[in-house]
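S.K.: predicted coordinates and the sequence they were generated for:
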Amino acid sequence: MGGDGAVRPDGSGRSSAAPDGGWARTAVRALISAAAGIMAAGFLDVQAGVLVAGLTAFSYVLLDAAGRRPPSGAGGLRWALRTLRGTGYRLVRDGAARYVAVGPGGVFLLVATGRPAAPHGRRGWRVGGMPADRIAERLATQAVRLDRVLAAEEGAAPSRGSGGAADTPATTAVVLVAGRRPGPVVEFEPGRVLLARPRPAVRHILTRDSVLSAGRIERIAGRIERHLHAD
């Protein structure tokens, strides 16, 4: 697996990073809030000044919360596709909210849902009202079928090994969910299916070891496009 820290369904994890220029931004906002309060106090009274300063500061809190909201649903899928396309991935559409992404890190079947993921029991997850294990089983089967198509044209079995010239990396299905859970990427079907929000999912894909050259990316994407769009 890549360096993003995928965990099993019974695992947990959390990552955080301090934003660049955070202290400077906080200081500027504090000055603006104080200035607004002083002006209100001068025009009205001290109580009005305190109220205006507090409301100004609170508005910045709301703006930060809105800015940190992770993309989800159709918006999350668009963001993921745009990011992957900008980092060398070829995208082949396979339905309204399904794409196959082929790039340096391998082949990924992306399936987006506007439904949130929630813990279920001690180790499980549910997406909407469906157990994530059941979704993973279906997607793993679809990923294997895609592997067989590629193997038939490539003349070699899909492999999770070195990714050499004769190997086609096995397809990994990725379920993109809405909401703020799970935190890290969750693995199902021994690495064959991943459950994640858009940002952790893309980060996980981009940190995978490079196994495909630009030429092979084009050839594999072309094979998948011919197969999916065949009459």
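M.R.: Structure received.
S.K.: how's this structure carved up into domains?
M.R.: Taking automatic domain parsing as the domain assignment, the record places the domains of the chain at 22-68, 73-228.
S.K.: weakest of the ones you listed in terms of mean pLDDT?
M.R.: Taking each of the domains of the chain in turn, the lowest mean pLDDT turns up on domain 22-68, with a mean of 75.
S.K.: single out the most deeply packed of the domains of the chain.
M.R.: domain 73-228 (a mean of 18; mean count of other CB atoms under 10 Å). In short, each C-beta sits where N, CA and C put it, glycine included.
S.K.: excluding its backbone neighbours, what's nearest the residue nearest the centre of the chain?
M.R.: In the chain, the C-alpha closest to the average C-alpha coordinate belongs to Pro198, at a distance of 2.1 Å (CA atoms, centre = their mean). With CB to CB, 6 or more residues apart in numbering as the measure, Gly76 is the residue that lies nearest to Pro198, at 3.7 Å, once sequence neighbours are left out.
S.K.: Arg192 too?
M.R.: Counting by CB to CB, 6+ apart, Arg192 lies nearest to Ala140, which is 4.6 Å off, once chain neighbours are set aside.
S.K.: what residues are up against the one you found?
M.R.: Contact analysis of Ala140 by CB atoms under 8 Å, 6 or more residues apart in numbering lists 173, 188-189, 192-193.
S.K.: just these: which are in strands?
M.R.: Members of these lying in strands (criterion: DSSP state E): 173, 188, 193.
S.K.: now these in JSON lines, with distance to Leu109?
M.R.: Listed next are these as JSON lines, based on distance: CB to CB, whole Å:
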{"residue": "Ala173", "distance to Leu109": "4"}
{"residue": "Phe188", "distance to Leu109": "13"}
{"residue": "Val193", "distance to Leu109": "9"}
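S.K.: how near is the residue nearest to Pro198 to Ala178?
M.R.: The span separating Gly76 from Ala178 equals 7 Å under the rule CB to CB, to the nearest Å.
S.K.: shared neighbours, the two?
M.R.: The contact lists of Gly76 and Ala178 share Arg197, where a contact means CB under 8 Å, 6+ apart.
S.K.: alpha carbons of stretch 209-217, in CSV - could you do that?
M.R.: Below are the C-alpha coordinates for stretch 209-217, written out as CSV (Å, rounded to 0.1, in the frame of the first residue of the first chain):
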residue,chain,number,x,y,z
ASP,A,209,4.7,3.8,-6.0
SER,A,210,5.0,4.5,-9.8
VAL,A,211,4.5,1.3,-11.7
LEU,A,212,3.4,2.5,-15.1
SER,A,213,5.2,4.6,-17.7
ALA,A,214,3.5,7.3,-19.8
GLY,A,215,3.3,5.0,-22.8
ARG,A,216,1.8,2.1,-20.8
ILE,A,217,-0.8,4.5,-19.3
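S.K.: for the closest residue to Val107 other than its chain neighbours, phi and psi?
M.R.: What sits nearest to Val107 in space, not counting adjacent residues and going by CB to CB, 6+ apart, is Thr171, at 4.5 Å. Summarising the backbone geometry of Thr171 under the convention degrees, to the nearest 10, its torsions are phi -70, psi 140.
S.K.: and the helix or strand hosting the residue nearest to Arg192, how far out from the chain's middle?
M.R.: Following DSSP states H and E, one finds Ala140 within helix 132-154. Relative to the chain's own centre, helix 132-154 is displaced by 20 Å; criterion: CA atoms, centre = their mean, to the nearest Å.
S.K.: how about the helices in the protein?
M.R.: 22-43, 46-68, 73-85, 132-154, 198-206, 214-228 (DSSP state H).
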